[in-house]
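Q: the sequence and its predicted three-dimensional model are supplied below.
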Amino acid sequence: MRSRRVLREHPFAPHRLWMVALVVALAAVALGAVRGPAAVQRLYHPLRYEDAIAEAARDCGIDPYLVAAVINAESGFKPHLVSDAGAVGLMQLMPSTAQEVARGSGLDPRRIDLRDPATNVALGTRHLADLLARFEDTATALAAYNAGAGAVGRWMAEEGTETLVEARYPETAAYVKRVLAERDAYARLYPVAFQER
């Protein structure tokens with residue numbers, strides 16, 4: 001009986017090189033987005049609607065870079081984006097939440113257009129400011145923005161704590177970490193974006 005020899009292909013065979021090249025290219029893009037020149041990082045952290053963000057943040061007394069980070073995490077600055085759950089616009093507001101915030105701000109909830117960037121940013125920023133006032137820290141307020149204030153309140157009651165326990169809610173914890181990291185990136189990449197606006 002003859003023994004069969006198993007032929008092994010070289011790891012860098014031509015039909016595999018494209019995969020290696022793709023992995024190297026993706027790694028270079030990711031590295032550029034995180035540690036590359038500011039111009040490259042700005043592609044990953046776009047900033048639009050600066051006037052609307054500055055005005056809304058000033059009116060609500062909160063950090064405009066935090067608002068920009070929430071917008072980027074929620075919609076990537078796309079004003080007409082609608083989620084599967086029905087959240088609308090830049091800050092991905094649920095229509096019911098937007099109507100509640102509008103009523104609290106003295107606006108007619110029937111006359112708001114969440115696809116209008118200025119309106120969406122104003123209502124989303126007011127909602128974020130309300131959450132910052134309600135919860136003890138920024139991280140918990142961001143968790144409430146992502147998962148809903150009622151859900152976060154229940155989670156904290158179940159845990160018997162004033163802050164969110166990360167390990168139990170990994171998706172929300174990842175959102176909070178992302179927004180806080182993006183807030184720092186926006187402040188670093190656009191240091192004068194909101195000055196004198």
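A: Okay, I see it. Numbering: from 1, shown residues only.
Q: can you give me the buried ones in stretch 71-81?
A: Along stretch 71-81, these residues count as buried under the neighbour rule (16 or more other CB atoms under 10 Å): Ile71, Asn72, Ala73, Glu74, Ser75, Phe77, Pro79. Backbone N, C-alpha and C define where each C-beta goes, glycine included.
Q: tell me the one of these nearest Ala38?
A: Asn72 (15.9 Å; CB to CB).
Q: tell me who's in contact with that closest one.
A: Residues near Asn72 by CB atoms under 8 Å, 6 or more residues apart in numbering: His45, Pro46, Glu182, Tyr186.
Q: now with 10 Å, please.
A: By CB atoms under 10 Å, 6 or more residues apart in numbering, the contact list for Asn72 reads Tyr44, His45, Pro46, Leu47, Arg48, Leu90, Arg178, Val179, Glu182, Arg183, Ala185, Tyr186.
Q: circling back: can you lay out the buried residues of stretch 71-81 as a markdown table showing distance to Val121 and secondary structure?
A: Listed next are those as a markdown table, based on distance: CB to CB, whole Å; DSSP: H, G, I helix; E, B strand; the rest coil:
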| residue | distance to Val121 | secondary structure |
| --- | --- | --- |
| Ile71 | 7 | helix |
| Asn72 | 12 | helix |
| Ala73 | 14 | helix |
| Glu74 | 11 | helix |
| Ser75 | 11 | helix |
| Phe77 | 10 | coil |
| Pro79 | 9 | coil |
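Q: so which pair among these is furthest apart in space?
A: Checking these with CB to CB, the most distant pair is Ala73 and Pro79, at 15.2 Å.
Q: count the residues that sit near Ala87.
A: 18 (other CB atoms under 10 Å).
Q: just checking, Gly104 touches His127?
A: Yes. The pair Gly104 / His127 is scored as a contact, 9.3 Å apart, by CB atoms under 10 Å.
Q: shaky segments in this structure?
A: Residue ranges of the chain with pLDDT under 70: 1-36, 162-167, 196-197.
Q: for it, what spans make up the helices?
A: Counting by DSSP state H, the segments of the chain that form helices are 14-35, 38-44, 50-60, 64-75, 95-104, 117-134, 138-147, 149-159, 170-189.
Q: adding distance to Arg110, write these out as CSV.
A: Formatted as CSV, those follow (distance: least, CB to CB, whole Å):
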stretch, distance to Arg110
helix 14-35, 42
helix 38-44, 38
helix 50-60, 21
helix 64-75, 24
helix 95-104, 8
helix 117-134, 13
helix 138-147, 24
helix 149-159, 23
helix 170-189, 31
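Q: what's the closest of the ones you listed to Asp84?
A: helix 64-75 (13.3 Å).
Q: how distant is the closest one from the center of its chain?
A: Centroid separation between helix 64-75 and its chain, computed with CA atoms, centre = their mean, to the nearest Å, is 5 Å.
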